[in-house]
Structures are given as C-alpha cells and as structure tokens.
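**Q** Build me a structure from this.
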Amino acid sequence: MESATPSEPRLRALLEAGMALASELSLDSLLQRLTELAAELTGARYAALGVIDPSGSHLERFITFGVDDETRAAIGDPPHGRGILGALITDARPLRLHAISDDPRSVGFPPRHPPMSSFLGVPVLLRGVAYGNLYLTEKEDGSDFSDEDQALVELLASQAAVAIENARLYESATRWSRQLESLIEVSGALSRETDLHVLLDLVARRLLELLDARVVTVALPAGEDDLRIVTAAGEGADELVGSTMSLAETKAGRVLERGRSERIDAVVDDPEVHRGFTRRFGARAGIWVPLVVDNRPIGVITAYDKLTAPDARFSEDDVRLAETFAARAAVAVELSERVARDTLRRIVAAQELERQRLARELHDETGQALTSILLGLKQLEGTESPEALHAVRELVVATLQDVRRLAVELRPKVLDDFGLVPALERLTQGFAEHTGIAVDLEASTITERLPVEVETAIFRIVQEALTNVVKHARAQRVSVLVTRAGDRIKAVIEDDGTGFDPATADGGIGLIGMRERIELLDGSLVVESSATSGTTIAVEVPA
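**A** The predicted structure is shown next:
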C-alpha cells in the first residue's frame, strides 16, 4: 500500500498554496484560487468546488476549473447537489472512485458534458462545519487518485476552510460597516431633508448597493386600487418611475395587504407575481418588503435579481436588511404625509377664518351701508325723477340681496350659531328658491352639535355639490341625506342630472377640495356618476 504522506516537493507546494490562500480576502477570488490549486497539486484535469448553502441541503455555488466558457454554456445549469455530489453533502467524508459510473449513487452527466471517470471528493470542514466540497476528476497521467492525493487535498481543504471562514468574516465585517454607514446617512437625511422624493431615492440607491441587486423600486398607493412606483434605482429605473400596478394583481399589492415580507427565488413560478411587469426587465428572483407605520402598511420596497451570479438568490439576511431600510422609508413617508396634512389643515382653517371675516364685514358694514342708502332714497320719494329714484332703489335692493347671499355662502352665521342641520336647511331652501331646482333634505338623526371641523366639512361638501349641480348637471331634483350611525357621520348627495364619466374626468377643483377636506378628517369620499344616470356623492367621517 502506497504512503499517504505527501512528498516533500508537494508539501512545499501545499505550504505556498496555504500562504496564498491566507492572503486572499475576496471570497470569490479565494474559491476560484482554491479550485485551481487543488487541480495543480493533484494533477487533475478538472476540478470544482461546491459551496453548500446555509441550510446544508444543496449547493448554492459551483466553481469550476478546466471547463471553458463555451463548454459550460453548452452543459447548461450548474449542478445543485444530486448524485455523487449530493452524497458528499449528506455524508461529509472523503470519497475516491476508479470510475464515477461504478457508484450506484451516480446519476450520469448532462448532454455535452466532458467525459469524466476517476474521482476524488473531499469535504471542506472546520470545527465540524462543512463549507463545501472539493471535486477532482481525470488525472492527467490517466491513473487513479492516490492516498497521497487524498491526504494532500485534505490538508489543502483544512487550510481552505480557515481561509474561507476568514474571508467570510472579513466580508461580513465590511458589509456591516457599509450597512451602518448607509443607515447613518439615511437617518441623517430624515432629520434635515423635507423632500420625500429625495429621501426615498436615497433609500433605493443605498439598498441597491448593499443588496447587490439589479433594480430596487419604492411603490406607494395611488388611489384605492393601484400602486405607483415613485422612485427606482438600478437598471431601467427611469422607465419604471411612474408605472402603476393593480393592488389585486401583483405581489407588491399582496405584500401591502398582508403587511409582511416575501422572498421569491423564481418569480415565474409564483402566481401572484405580475407577469407583464416582471417580464419588462426579465426578473428572476425578488424580495418584497412593506413600509409599515403603526402596524399600517403604507408602501412596498421591491428588489429584483442579485448581480453576484445569474442564478444567485436573495437571502434572509437580505430581507432583514431591506426591512431595516423600509422602516426608515416608512418614517419618511409618514412624516411627509403628516406635514402635508398639517399644512393643508392650517390652510383650510385659515380659509374658513378669512371667509368668516369677509362674511361679517359684508353683513355688518357693506350691508348696513346699503340699508342706509335705501333709507335715504325713501326720503327722496315724491321728488323729481321718480323713475330714476325707483331704478336706483331696485339696484340697491338687488345688490343688498347679493351681498347677503355672498355673506351666507362665505360663512353662514347660522352654522356657527345653531349648527349643521339649520345651516343645511337655510342652504337648500335658498338654493331651491334661487335656481328652481327641488331639494329634498333629510337630516333628522343629527340631534346635537358636532365638532366644528366636521360640521364645516359636511356643509362645504353639500354646498360644493349643489354648486356643481347648477353648473353641470341640468338636474330637476336633488336629494341630500345626512345621518349618524354610531360614531360615523354619513352624507349622500344625489341628483337626477346628466352626470359624467369619473374615469375620464379630471376631478376639477371642487372634487379635489372635497377629497382634501375628508382626508383631513380620516374619512372617505366616493363619487358615482354616468352620462345618463346623474351623480351620487357619498361621504363618511368620524363624528
């Protein structure tokens, strides 16, 4: 039996190889160099290193030596750990064969694979943890692999395991350092940057770098049924920004609905992934992470395809990293919404105060002045030119009525003094008298005063709806129903006019103002209309 102790020249080569491995800090370079050294030291024509995934069930990486790019492409997908390769994963002990086909666990080779017979497999182990396996086939001299070859490769594998662990620790420390720097940068931007787009763009770009992804997108709700990509980084980012996706037909929508992250290794196999959207840039793998504030999902971050290798997948660590950045992005969105709501609330409050001031001045000053003119004109009746005096008197009366009507529209005093229902009664009665359009008002369930902002919002929406009826609807009758159910106030305004198509209408300033008021109260507004069946506006707000 031949000696298993390597000869002195080979030991010297092994020592030099170990020094070279110990100085290599790049894991990818280290694995490739290790594969080449194993072939050189044993005289093998072909060598490969299979890296075992963290679960220990299959190969996540497969590095080769001796197979050119053209042959590798002709073979197809790399092995994942079946047959003889899988045997070394489940049983981490050296394996030496005269012919691969002699082992009953062999499953053969794929088409166009170069012929391989003799085989040596050695696990790369450190403290009982398997990092991978070294595979060697076809010695250049045609002989079988010897005991000395096996001993040599086992020593190389031991050195390699230490070097791999050091490289992984170095890469891990470098990765954590980059992540920390990026998180500090994003956190700093949150404290000084007010532009939401700038903040989300920073999150997308930093996450793209840290995940080594092909593209990262941030999507926020657009209406009740869609998501809109507000920023993107990476390949095709400019084309993606502004794209909309249906909540019901995309993985992002499902993640937003469920409020939890998902990782997909093969997007083509998942029925919830939007085929047309992912096909636009040939996505293979992806992660979807919700932006959550107070247990409320408000958006989704998506990352597609690792650039490390064509078949590389996102890990659970990648998901956790994306969740960390998603938490920062959620804070940015929530702060932006809060600032926008607070600004809008201040604007609306200022508008109401200004309307109240103008209404008071019109009623108290302008109205009184016009009344004084009327009294003065009365004293002149019976003098010369009675027709001229009568014409002036009629003009003043008409102007006084217009001023009083304008004062009521700006801010009806009855709304402040007596509440919503009397104000609506005055509004609908005046509307019917002025336009000739019949109005049915039902608000008998409102028996007590409501918060000022709620009364103002409901009154303004009914007022705006009636204004739209006059301008656009050509209606004969309008119905206004205001009810209270528990802690919710509901208002429904219906007309029998011509209506419009909500899908093609731009909303107009009136509808935009309605939505803004309702959103400030955390309520909802629904508009239903068609060109032939009139319009219905339904509002619901907390009481």
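**Q** Same question for residue 33, what's its three-state structure.
**A** Using DSSP: H, G, I helix; E, B strand; the rest coil as the criterion, the local structure at residue 33 reads helix.
**Q** What's the local residue count around residue 181?
**A** If you count neighbours by other C-beta atoms under 10 Å, residue 181 ends up with 12. In short, each C-beta sits where N, CA and C put it, glycine included.
**Q** Just confirm it is within a helix.
**A** Yes. Counting by three-state DSSP, residue 181 is located in a helix.
**Q** contacting residues for it?
**A** By C-beta atoms under 8 Å, 6 or more residues apart in numbering, residue 181 lies in contact with nothing.
**Q** I'd like the distance between it and residue 27.
**A** 21 Å (C-beta to C-beta, to the nearest Å).
**Q** average pLDDT for stretch 292-300?
**A** Averaging pLDDT along stretch 292-300 yields 80.
**Q** list the buried ones in it?
**A** Buried residues in stretch 292-300, counted by 16 or more other C-beta atoms under 10 Å: 292-293, 297-300.
**Q** Please report how far residue 291 lies from residue 322.
**A** 11 Å.
**Q** still on that earlier bit, report the two of the buried residues of stretch 292-300 separated the most.
**A** Taking C-beta to C-beta as the measure, the buried residues of stretch 292-300 span a maximum distance of 13.2 Å, between 293 and 300.
**Q** which other residues reach the helix or strand harbouring residue 47?
**A** Using DSSP states H and E, residue 47 sits within strand 44-52. With C-beta under 8 Å, 6+ apart as the test, strand 44-52 has contacts from 31, 34-36, 38-39, 58-67, 79, 81, 85, 88-89, 114, 116, 120, 124, 130-140, 145.
**Q** go on, stretch 34-43?
**A** With C-beta under 8 Å, 6+ apart, stretch 34-43 has contacts from 10, 13-14, 17, 20-21, 44-49, 63-66, 120, 134, 136, 139-141, 145, 149, 152-153, 156, 160, 163-164.
**Q** Would you mind listing which of those are buried?
**A** 10, 13-14, 17, 21, 44-49, 63-66, 120, 134, 136, 139, 145, 149, 152-153, 156, 160, 163-164.
**Q** What segments of the stretch 201-350 of the chain are strands?
**A** 213-222, 226-234, 244-246, 262-264, 286-293, 296-306 (DSSP state E, counting those that start in this stretch).
**Q** what helices or strands is the fourth one leaning on?
**A** What that stands for is strand 262-264. On a contact count with 3 or more C-beta pairs under 8 Å, 6 or more residues apart in numbering; DSSP states H and E, strand 262-264 meets helix 251-258, strand 286-293, helix 316-361.
**Q** swap in the second one?
**A** The contact analysis (3+ C-beta pairs under 8 Å, 6+ apart) places strand 226-234 against helix 196-211, strand 213-222, helix 237-240, strand 244-246, helix 251-258.
**Q** roughly how far is that strand from the heart of the chain?
**A** Relative to the chain's own centre, strand 226-234 is displaced by 7 Å; criterion: C-alpha atoms, centre = their mean, to the nearest Å.
**Q** before we move on, the earlier item: can I get the helices and strands packed on strand 226-234 in JSON lines with distance to residue 524?
**A** Below are those laid out as JSON lines (distance: least, C-beta to C-beta, whole Å):
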{"stretch": "helix 196-211", "distance to residue 524": "24"}
{"stretch": "strand 213-222", "distance to residue 524": "14"}
{"stretch": "helix 237-240", "distance to residue 524": "30"}
{"stretch": "strand 244-246", "distance to residue 524": "20"}
{"stretch": "helix 251-258", "distance to residue 524": "18"}
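**Q** what's the closest of the ones you listed to residue 494?
**A** Of these, nearest to residue 494 by C-beta to C-beta is strand 213-222, at 27.8 Å.
**Q** Next, the buried residues of the closest one.
**A** Neighbour counts over strand 213-222 (16+ other C-beta under 10 Å) mark 213-221 as buried.
**Q** strand partners of it, parallel vs antiparallel please.
**A** strand 226-234 (antiparallel), strand 296-306 (antiparallel) (DSSP bridges).
**Q** wait, which of those is closest to residue 394?
**A** Residue 394 lies closest to strand 226-234 among the strands paired with strand 213-222, at 56.3 Å (C-beta to C-beta).
**Q** Output that closest one as CSV, restricted to C-alpha atoms.
**A** Presented in CSV, the C-alpha positions along strand 226-234 are these (Å, rounded to 0.1, in the frame of the first residue of the first chain):
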residue,chain,number,x,y,z
ASP,A,226,-53.3,50.8,-7.5
LEU,A,227,-49.7,51.2,-6.5
ARG,A,228,-47.4,53.7,-8.2
ILE,A,229,-43.6,53.4,-8.4
VAL,A,230,-42.4,56.8,-7.0
THR,A,231,-38.7,56.1,-7.2
ALA,A,232,-36.3,53.4,-8.5
ALA,A,233,-32.6,52.7,-8.7
GLY,A,234,-30.6,50.4,-11.0
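**Q** Pop the domain breakdown of the protein in here.
**A** Using automatic domain parsing, the domain parsing of the chain gives 8-172, 175-336, 416-543.
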